[in-house]
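A.B. asks: this one's structure only:
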């Protein structure tokens, strides 16, 4: 009698963190179920308890070496709420530049270093060549462009924050140092090249996408909700705004939600087979409330980008699919549109007459015992929520990370790709790579998403020769 | 009284040095620009010899002696640096690191910390001893300052500056051995101390991030100690 089988992809390669995928096959060899397991374990929400709140931005930034800036920003905003101060306008603009410089470098890393091998050489390419060195051999200009874009973002972070990874420059109440004229001018000099690369990369990507028609149809191409923060005028923003949910038809189903009340709209649920919690839109429940965040979602929820070149690209992007752009394959293109926006925006902010002001920090002691900070990280909306005691020591912290919010969508996408491409009788590299590639499209950051400590998700199954589960132990 | 009663001659690391009677080896080494590592000693405060980092070898002596608390003597031959001394110093600093919770990357004193600088000077890149990860408290009850026991190395500079310079004697040490800790008044929250004048001298003499000003973020706490020799001098002149 044919038996059901499980195919395990472990580790998933070219993503940020440690994970595995299991594909469960039925007796006919068809994919019955698929799961994306995050296998690493952190504990930030617990060990920050008892620490002075003023340490939180740098402490929380250590969650991730790829997007420390996003954690710095969200954490500092939560601390601003604890101080109950309005930070100086120049500090806010400098934080905005810092934040979107990181979006450029992180998106460049995802697209060029991790995903471009699949896009350039195809999903069936030899795994030995499916990496940035393979891209360097086949299309050196593309690889150089990717490296240059990442450098553009990283160097802005270094000029503002003092170092590229884990700068301590963003502090509660503002930033610790103003921007010098020399640094402003040096950054401005690098803008034209970054703009040219962003435009040229978009042309390349759009010309390539047609080859992946089959993948576009099956890479997480399903109706779901999309969430992101938008400015008061509905424009794209990474720093500050109100939450908006859009459904698969592109209709706004919830708008102008106060991000500090996130727990009224977002539910969290732990699954026993992964350290990564899943979130869902609370009013619609766990099964129907699946929503996506990140570049694809941001471009689906916003009314406009607010910069001329990015708005042209957004208009074109919106034509890709009717209503909301649903296929997660388009995360790649959305990333490039956002890079273009970020470069345009950085130039505009640097030319602001206020940007060199030396008034960049509001000083205060805590004036509130609870604070929420929300920002758009490269991978999606990031929430930091702290409670302190009268002395300013952290008593409780909760973080909701982009990758956790994409968890349900990622699982659904893996299943869709596996059902389309994986045939249990004859496995090929190309099939399995597509399963990994759909995960890469979301650019999950697993170090970020497994920051929490709490219920340790663990299940041990004792399985008999006939496939029946004889015993099962679960730690809730 | 002959001049030899007032002036002593000795060798430090092979260099001929002269000193006034009653001076310590550390005083003489400092005058002759010979570096000797230390964490508890601070110019302007009394000597306790607590950290043992300034241990030196003295020819003819059976044990190592602290340079900060050993008076010079005629004909002394002192070695401040040897492989044996360096290995002891590395061990002492490693023990300080593993005994507390010193996480430089998120510390207010990162980049301005004497313990961190000491580890760099001694070339310590990792620990050979297991970390103890003790559960220690943070006292943020004071209006302006914070005490983080996790980063305290019990150098007692705070105790001495408060007693000898400020004259308040808010700080003291309680407990024994591994359970020792600095306390304010009768082991009560700093904010409720009646003797503390809020002068902040303790904060600025602290070699690590154990004492810091409220609101300082990571790497922002730079200590200012220039005032100390000046204040000591002023007090001595008044007396």
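C.D. replies: Cool, the structure landed. Treat the numbers as computed from the prediction; the structure is a model and nothing was measured.
A.B. asks: going on from the longest helix anywhere in chain A, what's the next piece of helix or strand?
C.D. replies: Of all segments of type helix in chain A, defined using DSSP state H, the longest is helix A:181-209. Sequence order places helix A:213-218 as the next helix or strand after helix A:181-209, per DSSP states H and E.
A.B. asks: any idea how far that following helix is from the chain center?
C.D. replies: Counting by CA atoms, centre = their mean, to the nearest Å, helix A:213-218 is centred 22 Å from the centre of its parent chain.
A.B. asks: residues making contact with the next helix or strand after it?
C.D. replies: The element immediately downstream of helix A:213-218 (helix or strand, assigned by DSSP H and E) is strand A:225-230. By CB atoms under 8 Å, 6 or more residues apart in numbering or on different chains, the residues outside strand A:225-230 that reach it are A:236-237, A:240-248, A:253, A:259, A:281, A:284, A:289-293, A:296-298, A:300-303, A:324, A:374-376, A:380-381, A:405. Any C-beta I mention is one placed from the backbone N, CA and C, and that applies to glycine too.
A.B. asks: From these, keep the buried residues only.
C.D. replies: A:236-237, A:240-248, A:259, A:281, A:284, A:289-293, A:296-298, A:300-302, A:324, A:374-376, A:380-381, A:405 (16 or more other CB atoms under 10 Å in any protein chain shown).
A.B. asks: what does stretch B:171-185 rub up against?
C.D. replies: By CB under 8 Å, 6+ apart, the residues outside stretch B:171-185 that reach it are B:99, B:139, B:147, B:149, B:152, B:154, B:156, B:158-159, B:162-163, B:170, B:187, B:190, B:192-196, B:202.
A.B. asks: OK, contacts around the nearest residue to residue B:59 once chain neighbours are set aside?
C.D. replies: Distances taken as CB to CB, 6 or more residues apart in numbering or on different chains put residue B:77 closest to residue B:59, at 3.9 Å, once the chain neighbours are dropped. Residue B:77 is in contact with B:10-11, B:58-60, counting by CB under 8 Å, 6+ apart.
A.B. asks: got CSV for the residues you listed, with distance to residue A:60, neighbour count and pLDDT too?
C.D. replies: Below are the contacts of residue B:77 laid out as CSV (distance: CB to CB, whole Å; neighbours: other CB atoms under 10 Å in any protein chain shown; pLDDT from 0 to 100):
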residue, distance to residue A:60, neighbour count, pLDDT
B:10, 54, 19, 97
B:11, 54, 14, 97
B:58, 51, 18, 98
B:59, 54, 10, 97
B:60, 57, 7, 96
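A.B. asks: Let me know the closest of those to residue A:171.
C.D. replies: Using CB to CB, residue B:58 comes nearest to residue A:171 of the contacts of residue B:77, at 48.8 Å.
A.B. asks: Next to chain B, which bits of chain A? Give me the list.
C.D. replies: When proximity is defined by CB under 8 Å from any CB of the partner chain, chain A lies next to chain B at A:50-52, A:54-55, A:57-59, A:62, A:166, A:168, A:171-172, A:176, A:363-365, A:391-393.
A.B. asks: Can you say which of those are buried?
C.D. replies: By neighbour count, with 16+ other CB under 10 Å, the residues of chain A next to chain B hold A:50-52, A:54-55, A:57-59, A:62, A:166, A:168, A:171-172, A:176, A:391-393 as buried.
A.B. asks: quick one: which of those sit in strands?
C.D. replies: residue A:171 (DSSP state E).
A.B. asks: which residue is nearest the centroid of chain B?
C.D. replies: With distances taken as CA atoms, centre = their mean, the residue of chain B nearest its centroid is residue B:40 (1.5 Å).
A.B. asks: which SS class is it?
C.D. replies: Classification of residue B:40 using DSSP: H, G, I helix; E, B strand; the rest coil returns coil.
A.B. asks: Point out where chain B drops to low pLDDT.
C.D. replies: Applying pLDDT under 70 to chain B picks out residues B:1-4.
A.B. asks: Show me what the helix or strand hosting residue A:433 is packed up against.
C.D. replies: Per DSSP H and E: residue A:433 is located in helix A:429-442. Using 3 or more CB pairs under 8 Å, 6 or more residues apart in numbering or on different chains; DSSP states H and E as the contact test, the elements touching helix A:429-442 are strand A:5-9, strand A:19-25, helix A:116-121, helix A:331-350, helix A:407-421.
A.B. asks: Please find the angle between the direction vectors of that helix and strand A:19-25.
C.D. replies: 130 degrees (axes from the mean of the first three to the mean of the last three CA atoms, to 10 degrees).
A.B. asks: does stretch B:140-148 come close to chain A?
C.D. replies: Yes - using CB under 8 Å from any CB, we find that stretch B:140-148 touches chain A at B:140-141, B:146, B:148.
A.B. asks: And residue A:270, how far from chain B?
C.D. replies: Separation of residue A:270 from chain B (CB to the nearest CB, to the nearest Å) stands at 26 Å.
A.B. asks: what's the nearest residue to the residue nearest the centre of chain A if we skip its chain neighbours?
C.D. replies: Residue closest to the average C-alpha location in chain A (CA atoms, centre = their mean): residue A:379, at 1.1 Å. Nearest non-adjacent residue to residue A:379, counting by CB to CB, 6+ apart: residue A:402, 3.7 Å away.
A.B. asks: Now for the one you found: which residues touch it?
C.D. replies: By CB under 8 Å, 6+ apart, the residues touching residue A:402 are A:293-294, A:377-382, A:445, A:448-449.
A.B. asks: can I see the domain layout of chain B?
C.D. replies: Chain B resolves into domains spanning B:3-81, B:87-238 when parsed by automatic domain parsing.
A.B. asks: What segments of chain B are helices?
C.D. replies: Shown for chain B, the helices assigned by DSSP H span residues B:3-6, B:25-31, B:83-99, B:114-121, B:157-160, B:201-205, B:227-238.
A.B. asks: Put together JSON lines for the ones you listed, with distance to residue A:184 and mean neighbour count on each row.
C.D. replies: JSON lines is the format used below for the helices of chain B (distance: least, CB to CB, whole Å; neighbours: other CB atoms under 10 Å in any protein chain shown):
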{"stretch": "helix B:3-6", "distance to residue A:184": "63", "mean neighbour count": "9"}
{"stretch": "helix B:25-31", "distance to residue A:184": "45", "mean neighbour count": "21"}
{"stretch": "helix B:83-99", "distance to residue A:184": "40", "mean neighbour count": "16"}
{"stretch": "helix B:114-121", "distance to residue A:184": "32", "mean neighbour count": "18"}
{"stretch": "helix B:157-160", "distance to residue A:184": "42", "mean neighbour count": "24"}
{"stretch": "helix B:201-205", "distance to residue A:184": "35", "mean neighbour count": "23"}
{"stretch": "helix B:227-238", "distance to residue A:184": "37", "mean neighbour count": "12"}
